[in-house]
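[1] Turn this into a model:
(one chain, ligands or ions: 1)
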Amino acid sequence: MNRERQSPTEKQKPTHVDLQALVEPFPEPMIVIGDDYRIKAANQAYIEAYAQDRRKIVGKKCHEVSHHSAVPCDLAGEDCPLKDLQNGSPHGKAFHIHHSLGGRVFANVEVFPVENPDHSPLYLERIQTSTIAHPDPEMDGLVGESPAFSRMLAAIHRVAHQNATVLLLGETGTGKDLVSQAIHKLSPRGGKPFVAVDCSGLPENLIESELFGHEKGAFTGAHSRKMGLVEAARGGTLFLDEIGELPLNLQAKLLRLLETNVYRPVGGVDAKKADIRLISATHRDLSSMVREGTFRQDLFYRINVFPVHLPALRDRPGDIPLLVETILGRLSKPSPPVSKDAMDLLLSHDYPGNIRELKNILERALILSDGREILPDHLPDLSLRSETSTSFFQEILPLAEMERKYLQWALQKSGGNNLPKLAKALGISLRTLYRKIDFLRKGLPPEENGSSSGGQEPGRLMFGKRKGETLSPKGT
Ligand SMILES: Nc1ncnc2c1ncn2[C@@H]1O[C@H](COP(=O)(O)OP(=O)(O)OP(=O)(O)O)[C@@H](O)[C@H]1O
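    Residues are numbered from 1 along each chain as shown. Below is the predicted model:
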């Protein structure tokens, strides 16, 4: 269309074709939505990912298509990127679990305003499906679906495309190694080398030559020149695991490398130029090491540009059944079922060794069960988590969130097949329990007044409802 020859009166509301042309060229799923969340146009990639049929998409609300939910994401416990724009941000961003045709996926969602001649607000929504993490059992990558896991993933996706140094903070076995590889894979350096170094596994006198390499004759036994890991990682990512174990003299050399991109091999005269992105990890409290003088403050600031906290398994117990299924699937094909009592035991353990400990427990159980159903007898003596232990309450949570988590746990603990008994144990009516389960399934916070009427029949659970909204039966 020749815009210069258009008179102002000809500047009409963009037609379906205009909006379609806006989204169609993009390879990733894209839609145009209005202020009312209604989809005005969708590109082929979006249609293929979510419905295979344009008529099931255009005219529907975006949350109906991507979340199978009657209410917008911010009413269902997630961030709504459209809200960012409506609150004045130039662009909105959120990390969601979407229901695609291929199953549930993690999706990085970005929303931008569209210049619209007649001023009725329109927004372009771009969706990038995560390739490194899954909310359902998968053969590789990171698995989880809890809010704590999603928050960590959102941080990873945010920083991966930058060149910023990243510090992974988490207890042993929480997945720091896996996460560092995921960040590398997502980054523009993904096709280049990924070199991991465990600083706690190298003798102090060897770390420097391992990292920076050495020249021939640099020390007794240095019979030839050796390339260091910094050089091996050229163009890619260097992952320094357990960075808290790095001796002070090497901390100074690492700081110089990070500040100048230059290093000197052991016994070498000439400085070499480095081209690495640094990811480091520790399970130690580096700020207290700084206070004690065992970790350099300037290096701490330099590596702590973007800290990512990896949640402990005890802080995301809702992920345990998914991890059990995933790990068993990875270890054995076909994988045996886990009895309800065995799962209850697995759910009640504290996991000081986190996912690695869970993996070890399952590996042992597989051997003992001879490929048949995993029973409590096949598990080691897992001491029950004490609710008074200091680890039970890790952070102050909204009461609604606490209730949601507790209900999830109680359902898992009771097996979910004797709801009248569970309702009695919880001290609420069966109708109230059905209503709370319905809210939980839809990802909604529980109602404020759990004792109100309006419970549903078993097997006739409805869309989640918030005050003042109309319920519509599932599937209609
Ligand atoms: N989210 C996850 N989904 C599936 N498997 C996971 C996940 N996180 C960790 N694992 C598995 O748990 C085990 C421990 O993970 P990893 O080695 O990355 O932990 P770590 O934090 O680096 O441990 P350490 O601090 O002891 O080095 C590995 O087998 C890894 O594949």
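
[2] Between the two ends of stretch 123-135, what distance do you get?
    With Cα to Cα, to the nearest Å as the measure, stretch 123-135 spans 27 Å from end to end.

[3] in it, what's buried?
    123-127, 130, 132-135 (16 or more other Cβ atoms under 10 Å). For every residue, glycine as well, the C-beta is placed using N, CA and C.

[4] try stretch 24-35
    Going by neighbour count (16+ other Cβ under 10 Å), the buried part of stretch 24-35 is 29-34.

[5] Tell me the span between the first and last residue of it.
    Rule used - Cα to Cα; the end-to-end distance of stretch 24-35 is 21 Å.

[6] ok, M289 - contacts?
    M289 makes contact with 244, 295 under the criterion Cβ atoms under 8 Å, 6 or more residues apart in numbering.

[7] Name the helix or strand for it, please.
    helix 286-292 (DSSP states H and E).

[8] One more: R330?
    Using DSSP H and E, the element containing R330 is helix 320-331.

[9] next one: H99
    If you go by DSSP H and E, H99 is part of strand 92-100.

[10] Name the residues that touch the helix or strand following that strand?
    Using DSSP H and E, the helix or strand that directly follows strand 92-100 along the chain is strand 103-114. For strand 103-114, the surrounding residues in contact (Cβ under 8 Å, 6+ apart) are 19, 22, 32-33, 66, 81-82, 84-85, 90-98, 121-130, 133-136, 145, 150, 153-154, 157.

[11] Show me the strands in the stretch 101-250 of the chain, by range?
    Counting by DSSP state E, counting those that start in this stretch, the stretch 101-250 of the chain has strands at residues 103-114, 122-129, 133-134, 142-143, 166-169, 194-198, 237-241.

[12] The ligand: which of those is closest?
    strand 142-143 (3.8 Å; Cβ to the nearest ligand atom).

[13] what pairs with the closest one, and is each one parallel or antiparallel?
    When pairing is defined by DSSP bridges, strand 142-143 lines up against strand 133-134 (parallel).

[14] and the partner strand, what's its mean pLDDT?
    Across strand 133-134, the average pLDDT comes to 96.

[15] so how far is it off the chain centroid?
    Centre-to-centre, strand 133-134 and its host chain are 7 Å apart (Cα atoms, centre = their mean, to the nearest Å).

[16] Same question for stretch 262-282.
    On Cα atoms, centre = their mean, the centre of stretch 262-282 falls 31 Å from the chain's centre.

[17] What of stretch 247-265?
    Distance, centroid of stretch 247-265 to centroid of chain: 32 Å (Cα atoms, centre = their mean).

[18] cool, and stretch 55-68?
    Centre-to-centre, stretch 55-68 and its host chain are 24 Å apart (Cα atoms, centre = their mean).

[19] And it, what's buried?
    57-58, 60-67.

[20] What residues does the residue in the chain that the ligand sits nearest to make contact with?
    Across the chain, the shortest distance to the ligand (Cβ to the nearest ligand atom) belongs to G175, at 2.7 Å. Applying Cβ under 8 Å, 6+ apart, we find G175 in contact with 142, 310, 354-355.

[21] same thing with G92?
    Contacts of G92 by Cβ under 8 Å, 6+ apart are 80-85, 110-112, 123.

[22] Drop the exposed ones from those residues and show what's left.
    Counted by 16+ other Cβ under 10 Å, those give 80-82, 84-85, 110-111, 123 as buried.
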